[in-house]
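>>> just need the structure, nothing else, for what follows:
(one chain, ligands or ions: 1)
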Amino acid sequence: MSTSSDTQKQMYEAYASSYTIFLKNWQVNRQKALEMLEKHLQSSLSKQTEVSVLSVGPGPGEFDKQLIHFLQQNMAEGQPLKYVVVEPNHIHRQIFEATMQSANVGKVHFEMHPMTIEDFQTNEKFDCIHYTHSIYHMPGQERRLILESLDMLKDAGVLLITLDTEEAVIFKLITKYAEVVGNDQYWQEGSSQMMESSKLREIIDDIGLSYQFESYPEYLDVSACFEENLEEGKVLMDFLFQANLRDASAELNQQLLSLVEEVAIEQNDRKMLYLPAGTFIMPKQ
Ligand SMILES: C[S@@+](CC[C@H](N)C(=O)[O-])C[C@H]1O[C@@H](n2cnc3c(N)ncnc32)[C@H](O)[C@@H]1O
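Model (predicted):
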């Protein structure tokens, strides 16, 4: 008989393999967040006895790898770097370690916490805390997590939150799918929609925080969804609708594919979805 922790493990495994396919097809702009960070952190980094970062939900660690290289370029020689990771998915923790090993990041003191951010506690203070495309997974907790993160910053530290903007067509697809299968059945308790940048901005404005925000285009290549019986296309469809469509009827799958077709744009003979992202940067306040 399967226990709930076995089920959780299987869900993490399924999510990690679908996220690998998503990453392969995602034209992501990681540079923008680094440029924003550079303006805020450049002058303060070299003054710290140790530079420390908290990464919430790093997944396979692609952004983290770039962030570490960026920090090292802006740090003094020999200055220690501590990199704290909070990642509940065991497969993502394994891939993260492999990413760092192959990235030649040199001497970095990594600390891995196999848990959700909601369960994480520390007395440490950080120069940078970032939630990069992970805040969707903490429905209803955003306000508390932002406030707690600001408390965990050093005086010159910054909180960076990157997520899709409300213009990302994935939200249209999810909303339509929820209508088709019945809203009550689709949305988890405590959340009626997915987090996106305009909703997060409302929360941040409501708290009264100062911040900067920049948005920028990103795309997802969904051409594989239109090729019959291609596993990659099926995985992408599941990811787009945040659902398991394997047991869904052929009619429903066709209906959902038509929805994708409606919002897709053609670029170099590929079918692309427009998924713009935005980054908030908030100083300690
Ligand atoms: C969409 S992926 C983003 C991964 C990576 N930051 C990137 O930009 O590619 C979301 C990540 O957040 C993690 N995650 C989900 N819920 C979380 C939670 N409550 N606390 C911390 N991380 C969480 C997932 O395991 C996953 O690795």
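
>>> phi and psi next, for residue 153.
phi -90, psi 150 (degrees, to the nearest 10).

>>> state the distance from residue 45 to residue 141.
29 Å (C-beta to C-beta, to the nearest Å). Placement of C-beta: from N, CA and C, glycine included.

>>> which one's more surrounded, these two?
residue 45 (20 against 16; other C-beta atoms under 10 Å).

>>> now do the contacts for that one.
For residue 45, the contacting residues are 51, 71, 74-75, 79, 127, by C-beta atoms under 8 Å, 6 or more residues apart in numbering.

>>> do you know the pLDDT at the closest residue to it other than its chain neighbours?
Once flanking residues are discounted, residue 45 sits nearest to residue 74: 5.1 Å by C-beta to C-beta, 6 or more residues apart in numbering. What the model reports as pLDDT for residue 74 is 92.

>>> quick one, strands of the stretch 1-150 of the chain?
Ranges of strands in the stretch 1-150 of the chain, per DSSP state E, counting those that start in this stretch, are 26-27, 51-56, 81-86, 109-113, 126-132.

>>> those strands into a markdown table, with extra columns for mean neighbour count, mean pLDDT and distance to residue 8?
What follows is those, written out as a markdown table (neighbours: other C-beta atoms under 10 Å; pLDDT from 0 to 100; distance: least, C-beta to C-beta, whole Å):
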| stretch | mean neighbour count | mean pLDDT | distance to residue 8 |
| --- | --- | --- | --- |
| strand 26-27 | 14 | 98 | 25 |
| strand 51-56 | 24 | 98 | 19 |
| strand 81-86 | 21 | 98 | 16 |
| strand 109-113 | 14 | 98 | 17 |
| strand 126-132 | 25 | 98 | 21 |
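
>>> any idea how far the residue nearest to residue 45 is from residue 36?
Distance, residue 74 to residue 36, using C-beta to C-beta: 14 Å.

>>> and if you look at residue 231?
With distances taken as C-beta to C-beta, residue 231 is found 37 Å from residue 36.

>>> likewise residue 147?
Following C-beta to C-beta, the distance that separates residue 147 from residue 36 is 21 Å.

>>> just the buried positions in stretch 259-274, please.
Residues of stretch 259-274 classed as buried by neighbour count (16 or more other C-beta atoms under 10 Å): 259-260, 263-264, 271-274.

>>> mind checking the end-to-end distance for that stretch?
Stretch 259-274 has its terminal residues 14 Å apart, counting by C-alpha to C-alpha, to the nearest Å.

>>> what of stretch 266-273?
Stretch 266-273: ends 9 Å apart by C-alpha to C-alpha.

>>> and the contacts of that stretch?
Residues contacting stretch 266-273 (C-beta under 8 Å, 6+ apart): 27, 169-170, 219-223, 225-226, 240, 260-261, 263-265.

>>> returning to what we had before: more crowded one of residue 74 and residue 36?
Neighbour tally, residue 74 and residue 36, criterion other C-beta under 10 Å: the higher count belongs to residue 36, 19 against 16.

>>> now check stretch 206-218, is it near the ligand?
No - figure legend: stretch 206-218 not in contact with the ligand (C-beta under 6 Å from any ligand atom); closest approach 11.0 Å.

>>> quick one: name the residues of the stretch 51-200 of the chain near the ligand.
56-59, 62-63, 86-89, 92, 116-118, 132-134, 137-138.
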